[in-house]
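# Sequence and predicted structure, then a few things I'm wondering about:
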Amino acid sequence: MRIVIIGSGYVGLVAGTCFAETGNDVVCVDIDDPKVKRLKSGDPVIYEPGLETLLKKNISSGRLNFTSKVKDVVTDADVIFTAVGTPTGEDGSADLTYLYKAIEDFAPSMKGYTLVVNKCTVPVGTVGQMKKLISELVPKGVTFDVASNPEFLKEGVAVQDFLYPDRVVIGVENERAASILKHLYEPFVRNGNPIHVMDVKSAELTKYACNSFLAAKISFINDIAALCEVLGADINMVRHGMSSDTRIGKSFLYAGVGYGGSCFPKDVKALVSIADKNNVDLQIVKAAEKVNMLQRKRFLQKIYDYFKGDVKGKVFAVWGLAFKPQTDDMREAPSITIINELVKKGAVVKATDPVAINNAKIAIDANVEYSNNYLETLKGADALVVLTEWNEYRNHDIEKLKKHFVGRVVFDGRNIWNSKEIKDAGFDYFGVGRS
């Protein structure tokens, strides 16, 4: 098929590259000319394991191209995917400005029959609004359908998720649109995983419901972790006891400093906004967001308590800046809140991350000393703070830690270390939900 993807960000770039990998002719569109130039050269711009290899392979094959001139490519498209940003507006709702601007740019150039598919996370009813706007802009005689195809990619394993999805969700109004999308996704579900065909509004809501449920699961285990600390229980043992119940499962049941990223915070806010506008009080979803922000304060309080409320002049080595490992994404990362608050109180922060330092410099307002060598950050540090569970931080060398680290306290925001081992080495240790 001839596919055009409007928006070459995280979702659009992964989707375009993977569609090209299955033999489709794909053009990804972006309004940022310097970015388009980098993408054409095989630079994926974002850090995502496996993406660069597939990107260069499909550019070389001629199946994947990039442009900033949308009008030149939509005339021949069989399918147009919209994958532009829908950031959080002032009221918590999704801002659809970029989506509607994209439609205004490509709709007048559409020809013949085209299936327009929205991959953006949008309020329920947006596809209907897209259909109305496109009908006002397309040339006479042009026919089209508009469908919803929400993405469920996990940053860090997005390529794997797209190539081998556990399910595909499509929202359509007729069999023609369903047939096109089922044909497009058939190569990805040969292992028998389902393609769920449903009405458009149900598909739009499914994305919000999934992310909000997972956010609630994270916040729930963090609430239980707070109780563990008071009662003297260990959250890891509680988690093992819970997760072996197949009704609960293991995923997203790890205590820490809270969730971040491009999806959970934005989608939780947007779902609450949608519900409020329809006079539905989503109490559990609201609580998930509240607990997530509270978790960062709880973690900071451990630090303040240890230093008796005075961190001025204290040096903190921070390991991990991205909101999760295997990504350079700093959006809504807990590290932003924690570092800004420490510096605001007069602390000195020396931070490291395998891939996210450049983005952290943009996201974090405070004056921070950055280093690519995580052991270097320990020199002169009074405390070590672990905020992202990168694998290279897990298998630490105790002797190296003792050699480089003059301080004697570790605040493990992701529970990646064996507390007994750290304590036996002479360090004070504070995890999350561990007495």
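In hand now; what should we look at? Numbering: from 1, shown residues only.

# Only C-alpha atoms, please: export stretch 45-58 in PDB.
The C-alpha coordinates for stretch 45-58 follow below in PDB (Å, rounded to 0.1, in the frame of the first residue of the first chain):
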ATOM      1  CA  VAL A  45      16.300  11.700  16.200                       C
ATOM      2  CA  ILE A  46      14.800   9.800  19.200                       C
ATOM      3  CA  TYR A  47      16.500   7.000  21.100                       C
ATOM      4  CA  GLU A  48      14.500   3.800  20.700                       C
ATOM      5  CA  PRO A  49      16.300   0.400  20.600                       C
ATOM      6  CA  GLY A  50      16.200  -1.300  17.200                       C
ATOM      7  CA  LEU A  51      14.700   1.700  15.400                       C
ATOM      8  CA  GLU A  52      17.900   3.100  13.700                       C
ATOM      9  CA  THR A  53      18.700  -0.300  12.100                       C
ATOM     10  CA  LEU A  54      15.200  -0.700  10.600                       C
ATOM     11  CA  LEU A  55      15.100   3.000   9.600                       C
ATOM     12  CA  LYS A  56      18.400   2.800   7.600                       C
ATOM     13  CA  LYS A  57      17.400  -0.500   6.100                       C
ATOM     14  CA  ASN A  58      14.000   0.800   4.700                       C
END
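
# ok, now which ones touch the nearest residue to residue 314 once chain neighbours are set aside?
Distances taken as Cβ to Cβ, 6 or more residues apart in numbering put residue 382 closest to residue 314, at 4.5 Å, once the chain neighbours are dropped. Glycine gets a C-beta too; all of them are placed from N, C-alpha and C. The contact partners of residue 382, by Cβ atoms under 8 Å, 6 or more residues apart in numbering, come to 314, 315, 316, 406, 407, 409.

# how much space between the closest residue in space to the fifth one that isn't next to it in sequence and residue 316?
What that stands for is residue 407. Of all residues not flanking residue 407 in the chain, residue 382 sits nearest, at 4.3 Å (Cβ to Cβ, 6+ apart). Residue 382 sits at a distance of 7 Å from residue 316 (criterion: Cβ to Cβ, to the nearest Å).

# Pull out the buried residues from the lowest-mean-pLDDT helix or strand in the chain.
Every helix and strand of the chain was ranked by mean pLDDT, DSSP states H and E. The lowest is helix 398-404, at a mean of 87. Using 16 or more other Cβ atoms under 10 Å as the test for burial, helix 398-404 gives 401, 404.

# What helices and strands are in contact with the helix ranked longest in the chain?
For the chain, the longest helix by residue count, based on DSSP state H, is helix 200-231. Contacts defined by 3 or more Cβ pairs under 8 Å, 6 or more residues apart in numbering; DSSP states H and E place helix 200-231 against helix 126-137, strand 143-148, strand 168-171, helix 235-243, helix 264-277, helix 283-306.

# Count the neighbours of the closest residue in space to residue 8 that isn't next to it in sequence for me.
The shortest distance from residue 8 to any non-neighbouring residue, by Cβ to Cβ, 6+ apart, is to residue 30 (3.9 Å). Using other Cβ atoms under 10 Å, residue 30 has 22 other residues around it.

# Return the distance of residue 30 relative to residue 133.
21 Å.

# Also residue 139?
Counting by Cβ to Cβ, the separation of residue 139 from residue 133 is 15 Å.

# The two - which one has more neighbours?
residue 133 (16 against 10).

# surely that one meets residue 102?
No. Taking contacts as Cβ atoms under 8 Å, residue 133 lies outside contact range of residue 102: 10.4 Å.

# For stretch 53-69, give the mean pLDDT please.
Averaged across stretch 53-69, pLDDT comes to 97.

# how far is it from where the chain is centred?
With Cα atoms, centre = their mean, to the nearest Å as the basis, stretch 53-69 stands 24 Å off its chain's centre.

# If you count neighbours, what's buried in it?
For stretch 53-69, using 16+ other Cβ under 10 Å, the buried residues are 54, 55, 56, 58, 59, 63, 64, 65, 66, 67.

# re the thing from before, what's the model's confidence in the next helix or strand after the least confident helix or strand of the chain, averaged?
Toward the C-terminal end, the helix or strand that comes next after helix 398-404 (DSSP states H and E) is strand 409-412. Taken as a whole, strand 409-412 has a mean pLDDT of 97.

# Run through who's touching strand 409-412.
Strand 409-412 is contacted from outside by 299, 302-303, 306, 382-386, 417, 419, 422, 427-432, using Cβ under 8 Å, 6+ apart.

# redo that, cut-off 6 Å
303, 383, 384, 385, 386, 422, 427, 428, 429, 430, 431 (Cβ atoms under 6 Å, 6 or more residues apart in numbering).

# Which of those residues are buried, as a PyMOL select command?
Applying 16+ other Cβ under 10 Å to the contacts of strand 409-412 leaves a buried subset, and the PyMOL line that selects it is:
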select buried, resi 303+383+384+385+386+422+427+429+430+431
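
# Does anything pack onto the strand or helix carrying residue 182? Which helices or strands?
Per DSSP H and E, residue 182 falls inside helix 175-185. Applying 3 or more Cβ pairs under 6 Å, 6 or more residues apart in numbering; DSSP states H and E, one finds that helix 175-185 makes contact with strand 195-198.

# how about the strand it packs on: buried residues?
195, 197, 198.

# Note down every partner strand of it and its orientation.
Strand pairing for strand 195-198, using DSSP bridges, gives strand 168-171 (parallel).

# In contact with residue 274, which residues?
Here residue 274 is in contact with residue 123 (Cβ under 6 Å, 6+ apart).

# Also residue 27?
Contact analysis of residue 27 by Cβ under 6 Å, 6+ apart lists 4, 65, 73.

# Okay, and it sits in which element?
In the assignment (DSSP H and E), residue 27 maps to strand 25-29.

# That strand: how far from the chain's middle?
Relative to its chain's centre, strand 25-29 lies at 23 Å (Cα atoms, centre = their mean).

# Helix or strand next in line after it, which one?
helix 33-40.

# Show me what that following helix is packed up against.
Using 3+ Cβ pairs under 6 Å, 6+ apart, helix 33-40 sits against strand 64-67.

# Break this protein into its domains for me.
Using automatic domain parsing, the domains assigned to the chain come out as 2-197, 264-430.

# Would you mind giving the helices and strands packed on helix 200-231 as TSV with distance to residue 350 and mean pLDDT added?
TSV is the format used below for the helices and strands packed on helix 200-231 (distance: least, Cβ to Cβ, whole Å; pLDDT from 0 to 100):
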stretch	distance to residue 350	mean pLDDT
helix 126-137	44	97
strand 143-148	46	98
strand 168-171	44	98
helix 235-243	28	96
helix 264-277	27	94
helix 283-306	15	97
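
# deepest of the ones you listed, which one?
When you average the neighbours per residue for each of these (mean count of other Cβ atoms under 10 Å), strand 168-171 leads with a mean of 23.

# can you list the residues that contact that strand?
Residues from elsewhere that reach strand 168-171, judged by Cβ under 6 Å, 6+ apart: 148-150, 181, 185, 195-200, 203, 206.
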